[in-house]
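J.: Pasting the sequence and the predicted model now:
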Amino acid sequence: MNLSIISTATAAEGAQETHLGVGAEAQAHHEGGFPPFQTENFAPQIVWLVVIFGVLYILMSRLALPRVGGILESRSEKIASDLEASRNMQSKAQAAALANNETIRLRREEAQTIGREAQQSTAAETLSQRSRAETEASEKIRAAEGRIADAKMRALANVEQIAIEAAGSIVEKLTGSKVDHDRLSAEFRNVKSS
Amino acid sequence: MTPEETVSAPNPIEQFELHRIFPLEISGIETSFTNASLYMLLAALGVVGLMVAATSRKSIVPGRMQALAEMLYEFVANMVRQTAGKEGMKFFPFVFSLFSFILIANLIGLVPYSYSVTSQIVVTFAFAALVITLVVAYGVYRNGFGFLRLFVPHGVPLPVLVVLVPIEIISFLSRPVSLSVRLFANILAGHITLAVFGGFVMMLLASGGWSLLAPVPLLAIVALYALELLVACLQAFVFSVLTCVYLNDAIHPGH
């Protein structure tokens, strides 16, 4: 396909030359025919190609490619080390968070214990104070009751005395004879107990 | 059409002519510095500028040119690794030089009024001969006579081998030809086509009433130019991939 293009191109060129009758200078250019196939052009191109490509190859293999390869390697190393460092940091952060949570848990338990103890001691104190107050109060009540009973006894005794004396004086008035006090109180006790 | 009207019509072959800038001859061999040498030098300087100058700062975060150089490096490195295997990486500098030189030369050749180094069969054939010589030399150096297994496909019955071995030999011998002609013909044909269409524009402009049609071939040139950019990159790639494939044959001849 490509060769047909070349041949049509050369044909066109030939046609043009005959058609126009180009000058001697142009004809000198086309002496060997199609330029890429002119054998006298081969040597200078090959020589320069060998020199230039040789130098290029040496520059690439000795200088450029090791350098670019080094850049790529150092970059991937940097990325890997950065990633490693960030992973380390992350695990450290996680460990710190765990430790922190543990501390928080411990402190919370401690706080709860303290609170419970305080509550218990308060409750115990309250209870003891209350029982002390209650005993005191009941002692006072008992003492007061004793006093009341005493007073009552005394009052009752007085009433007895008065009743005996009243009974004695009533009997004296009625009978005109004095009744013995001892006999009167014994009678009183008999009446009272029956 | 009178001859006077077509005087300005360009010659599509003119762009391939060799001009001797400094005529020179060393011990009977002509070593003139020509326009071809100039553009080879420009292509090589382009590669060196990209790969050496742009990477001189060795920054971890690359600039544009360094990123381009790294991209090219990794592209070729992956190509060599995938095609020729780990062992093929010893040829990486060679394949890289080849690919980058051909690529830049092709791209420079697409600049108007420049010269396309790869449009010369002698240049592409020199590259192809270099590749095949390297393949044969390394194949024999590494495998000795075992390199001949390249021509004997594995696990094929004997009667078939009688037919297959000559075909394999012919296909091997035709490699330098196909390798060089493929690159040469693609670049040559593209440049001729562009020049021919350019000539159409000129001729239409010079032909009076028909000059209204001149934008049509101009638009065709734009489309063709895009295609030629693709061809320039693709042919550099094809040349290097085939080089890797052939080097892989040299490394592992028994396929």
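T.: All right, it came through fine. Numbering: from 1, shown residues only, chains lettered A, B, ... in the order given.
J.: What strand or helix carries B:Pro253?
T.: Per DSSP states H and E, B:Pro253 falls between elements, in no helix or strand.
J.: which residues sit in contact with it?
T.: Contacts for B:Pro253 were tallied using Cβ atoms under 8 Å, 6 or more residues apart in numbering or on different chains; they are B:Gly139, B:Asn143, B:Gly146, B:Phe147, B:Leu148, B:Arg149, B:Leu150. From N, CA and C alone the C-beta is placed, and that goes for glycine too.
J.: Once you drop chain neighbours, what's closest to B:Ile102?
T.: B:Ala236 (4.2 Å; Cβ to Cβ, 6 or more residues apart in numbering or on different chains).
J.: so the one you found is in which element?
T.: helix B:215-251.
J.: just checking, what packs against that helix?
T.: Helix B:215-251 is packed against helix B:64-84, helix B:92-109, helix B:121-143, helix B:158-205, with contacts defined by 3 or more Cβ pairs under 8 Å, 6 or more residues apart in numbering or on different chains; DSSP states H and E.
J.: Go ahead and measure how far it is from the middle of the chain.
T.: 8 Å (Cα atoms, centre = their mean, to the nearest Å).
J.: Please tell me how far the nearest residue to A:Ala64 once chain neighbours are set aside sits from A:Pro44.
T.: Excluding its sequence neighbours, the residue lying closest to A:Ala64 (Cβ to Cβ, 6+ apart) is B:Met51, at 3.7 Å. Using Cβ to Cβ, to the nearest Å, B:Met51 is found at 27 Å from A:Pro44.
J.: Compare the two (neighbour count), which wins?
T.: B:Met51 (27 against 23; other Cβ atoms under 10 Å in any protein chain shown).
J.: What does the pLDDT read for the spatially most central residue of chain A?
T.: Nearest residue to the geometric centre of chain A (Cα atoms, centre = their mean): A:Asn101, 5.5 Å. On pLDDT, A:Asn101 comes in at 96.
J.: What is the burial count for the residue nearest to B:Ile102?
T.: Counted with other Cβ under 10 Å, B:Ala236 comes out at 22.
J.: Return the residues in contact with it.
T.: Residues near B:Ala236 by Cβ under 8 Å, 6+ apart: B:Phe99, B:Ile102, B:Leu103, B:Asn106.
J.: Which members of those define the maximum pairwise distance?
T.: Between any two of these, the greatest separation by Cβ to Cβ is 10.6 Å, found for B:Phe99 and B:Asn106.
J.: who has more neighbours, these two?
T.: Just comparing B:Phe99 and B:Asn106: by other Cβ under 10 Å the higher neighbour count belongs to B:Asn106, 27 against 23.
J.: Can you tell me which helix or strand of chain A has the lowest average pLDDT?
T.: helix A:24-29 (a mean of 43; mean pLDDT, DSSP states H and E).
J.: So, low pLDDT: which residues of the chain?
T.: Unless you meant another one, I'm taking chain A. A:1-32 (pLDDT under 70).
J.: wait, chain B
T.: When residues are selected by pLDDT under 70, those of chain B lie in B:1-10, B:255.
J.: Just read off the phi/psi values of the residue of it positioned farthest from its centre.
T.: Outermost residue of chain B with respect to the C-alpha centroid, by Cα atoms, centre = their mean, is B:Gly209; its distance is 41.8 Å. With angles defined as degrees, to the nearest 10, B:Gly209 sits at phi -60, psi -30.
J.: can you check B:Glu30 too?
T.: phi -80, psi 120.
J.: Any idea what it is bridged to?
T.: For B:Glu30, the beta-bridge partners are B:Glu25 (DSSP bridges).
J.: following the longest helix anywhere in chain A, which helix or strand comes up?
T.: For chain A, the longest helix by residue count, based on DSSP state H, is helix A:65-175. Counting by DSSP H and E, the next helix or strand C-terminal to helix A:65-175 is helix A:181-193.
J.: Pull the residues that contact that next one.
T.: With Cβ under 8 Å, 6+ apart as the criterion, helix A:181-193 contacts A:Glu160, A:Ala163, A:Ile164, A:Ala167, A:Gly168, A:Val171.
J.: Tell me the buried residues in that helix?
T.: Neighbour counts over helix A:181-193 (16 or more other Cβ atoms under 10 Å in any protein chain shown) mark A:Leu184, A:Ser185 as buried.
J.: what's near enough to touch B:Ile102?
T.: B:Thr118, B:Phe127, B:Leu183, B:Gln235, B:Ala236, B:Phe239, B:Ser240.
J.: from what I can see the second one touches B:Gln235, true?
T.: What it means is B:Phe127. No - counting by Cβ atoms under 8 Å, B:Phe127 does not reach B:Gln235; the two are 11.6 Å apart.
J.: Quick check: neighbours shared by those two?
T.: Counting by Cβ under 8 Å, 6+ apart, the contacts common to B:Phe127 and B:Gln235 are B:Ile102, B:Leu183.
J.: Closest to chain A out of the contacts of B:Ile102?
T.: Using Cβ to the nearest Cβ, B:Phe127 is the member of those that lies nearest chain A, at 8.1 Å.
J.: Would you write a ChimeraX line that selects the buried entries of the contacts of B:Pro253?
T.: Per 16+ other Cβ under 10 Å, the buried members of those correspond to this ChimeraX selection:
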select /B:139,143,147,150
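J.: Export the contacts of B:Pro253 to JSON lines and append columns for distance to B:Cys244.
T.: Formatted as JSON lines, the contacts of B:Pro253 follow (distance: Cβ to Cβ, whole Å):
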{"residue": "B:Gly139", "distance to B:Cys244": "14"}
{"residue": "B:Asn143", "distance to B:Cys244": "18"}
{"residue": "B:Gly146", "distance to B:Cys244": "20"}
{"residue": "B:Phe147", "distance to B:Cys244": "17"}
{"residue": "B:Leu148", "distance to B:Cys244": "21"}
{"residue": "B:Arg149", "distance to B:Cys244": "19"}
{"residue": "B:Leu150", "distance to B:Cys244": "16"}
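J.: and which of the contacts of B:Pro253 is nearest to chain A?
T.: So of the contacts of B:Pro253, ranked by how close each gets to chain A (Cβ to the nearest Cβ), first place is B:Gly139, at 20.2 Å.
J.: does that closest one really touch B:Arg149, like I thought?
T.: No - look at B:Gly139 against B:Arg149 with Cβ under 8 Å: they stay out of range, at 9.8 Å.
J.: Show me just the buried residues among the contacts of helix A:181-193.
T.: A:Ala163, A:Ile164, A:Ala167, A:Gly168.
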